[in-house]
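Student: could you work out the structure for the sequence below:
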Amino acid sequence: MSLKVGAKAPNLNLTDEAGNPFKLSALKGKTVVLYFYPKADTPGCTTESCEFRDSTAAFSAKDAVIIGISPDAEKAQLKFKSKFDLPFSLLADFDHAGAEAYGVWKEKSMYGKTYMGVERTTFIIGPTGKITHIFEKVKPVGHAAKVLAAL
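Tutor: This next block holds a predicted model:
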């Protein structure tokens, strides 16, 4: 992982699930929970996203904005958001530029094959735009509660 706590968070210029432009810099002054997940509507990603959904009020009470990001296209993100009633933006990082900027685009292996993909990671970015916490190799169950406790 190349980014460290205290580093300035790389800006993101992506689109959300509806095709609207998104710039991370537009959220300066807010605490941002930026969670990278491998693929929309898969078991682990659904568990993680639904835990964030179920904790949205608690995150809002701490003035934190939740943003999900994966290599899925906008259409897949919109379907995922709608299916599980996710109340936060999901960013389409289909060229994985965001994942690369954050150092979470990694070589992975499954069933003896190696491939490139997102390593499930969450960043908390403080109001000044600096990274305050990094959660690496996240296990989906109970993750939202750990992130909330760190705020």
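Student: residue 47 in helix, strand or coil?
Tutor: Counting by DSSP: H, G, I helix; E, B strand; the rest coil, the backbone at residue 47 sits in helix.
Student: and the residue nearest the centre of the chain?
Tutor: Of all residues in the chain, the one closest to the mean position by CA atoms, centre = their mean is residue 35, 2.0 Å from it.
Student: who does that one bridge with?
Tutor: Residue 35 has the following beta-bridge partners by DSSP bridges: residue 68, residue 122.
Student: residue contacts, it?
Tutor: 48, 52, 66-69, 120-123, 138, 147 (CB atoms under 8 Å, 6 or more residues apart in numbering). Bear in mind the C-beta positions are built from the backbone N, C-alpha and C, glycine included.
Student: kindly reformat those residues as JSON lines containing distance to residue 91 and neighbour count.
Tutor: JSON lines is the format used below for the contacts of residue 35 (distance: CB to CB, whole Å; neighbours: other CB atoms under 10 Å):
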{"residue": "48", "distance to residue 91": "15", "neighbour count": "23"}
{"residue": "52", "distance to residue 91": "14", "neighbour count": "22"}
{"residue": "66", "distance to residue 91": "11", "neighbour count": "23"}
{"residue": "67", "distance to residue 91": "6", "neighbour count": "22"}
{"residue": "68", "distance to residue 91": "7", "neighbour count": "27"}
{"residue": "69", "distance to residue 91": "4", "neighbour count": "27"}
{"residue": "120", "distance to residue 91": "15", "neighbour count": "21"}
{"residue": "121", "distance to residue 91": "14", "neighbour count": "21"}
{"residue": "122", "distance to residue 91": "14", "neighbour count": "24"}
{"residue": "123", "distance to residue 91": "13", "neighbour count": "25"}
{"residue": "138", "distance to residue 91": "17", "neighbour count": "19"}
{"residue": "147", "distance to residue 91": "17", "neighbour count": "23"}
